[in-house]
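*Asks:* Sequence and predicted structure below; questions after.
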Amino acid sequence: MRKFATVMLAALSLASAPVAFAAEADRSDAPPSGEVGRVVEMQATVTAIDMATRTVTLKGADGAETAIQVDERARNLPQVKVGDVVKVAYVQALAWKLSKSTKAEPTVQVEEAADRAKEGEKPGAVAGRRVSATVTIEAIDTANGTVTLKGPQGNSRTVKALNPDNLRKVKVGDLVDITYTEAVALKVEPASK
């Protein structure tokens, strides 16, 4: 679990780098695989703080102000000052790979991790979740470029293939490993001098 948190922190520290996903295996004999992802970043400036009610007013890039109630888990609220900049990054990624799996049936595994700033530091936090599942190909529709996947709980979902040619490399009954990852990071930086 600690390793997952470290990975999420590393991913979020690179949030300003462009996300160049949507790659799929390009060898004709390679099993279909790929990933897609996105990073959303936002920042706002602290314009007011009411410590008695734990309310912080933030001004976004568009000039609009929003008052938010800060939970007690944000133990370092007294470190925040008017003019400080609050930065938030959200990462979302999905990866898949056709698997000639040794697993007898579909499975699911969930990992979660979270961390927050140490006592006395500017507030900051990171939280991440990774869901890994092995699903079964239930149906293939090459005419429409879709595949229907059946999950471990018996639920089915039809999805559009990013590369419809990959549908010719799979058959009903094949297992697909899918990993969905999402993480959010928040940090407060001092006001610029």
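*Replies:* Alright, I've got the coordinates. Just so you know, these numbers come straight off a predicted model, no measurement behind them.
*Asks:* now the helices for this protein?
*Replies:* Secondary structure of the chain (DSSP state H): helices at 2-13.
*Asks:* Strands of that one, start to end?
*Replies:* Remark: strands assigned in the chain by DSSP state E are 23-24, 33-50, 55-60, 65-69, 85-99, 107-116, 124-141, 146-150, 156-160, 175-189.
*Asks:* Minimum distance to residue 166: which of the ones you listed has it?
*Replies:* With CB to CB as the measure, strand 23-24 is the member of those nearest residue 166 (6.7 Å). Quick note: C-beta positions are derived from backbone N, CA and C, even for glycine.
*Asks:* lowest-pLDDT helix or strand in the chain?
*Replies:* When the helices and strands of the chain are scored by mean pLDDT, DSSP states H and E, strand 23-24 comes last with a mean of 42.
*Asks:* Next, format the strands of the chain as CSV and append distance to residue 76.
*Replies:* Below are the strands of the chain laid out as CSV (distance: least, CB to CB, whole Å):
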stretch, distance to residue 76
strand 23-24, 40
strand 33-50, 12
strand 55-60, 12
strand 65-69, 15
strand 85-99, 13
strand 107-116, 8
strand 124-141, 8
strand 146-150, 43
strand 156-160, 41
strand 175-189, 8
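*Asks:* shaky segments in this protein?
*Replies:* 1-30, 99-104, 193 (pLDDT under 70).
*Asks:* again, only using 80
*Replies:* Scanning the chain for pLDDT under 80 picks out 1-32, 98-105, 193.
*Asks:* Contacts for stretch 56-74, please.
*Replies:* For stretch 56-74, contacts defined as CB atoms under 8 Å, 6 or more residues apart in numbering pick out 42-50, 53-55, 77, 80, 86, 116, 123, 125.
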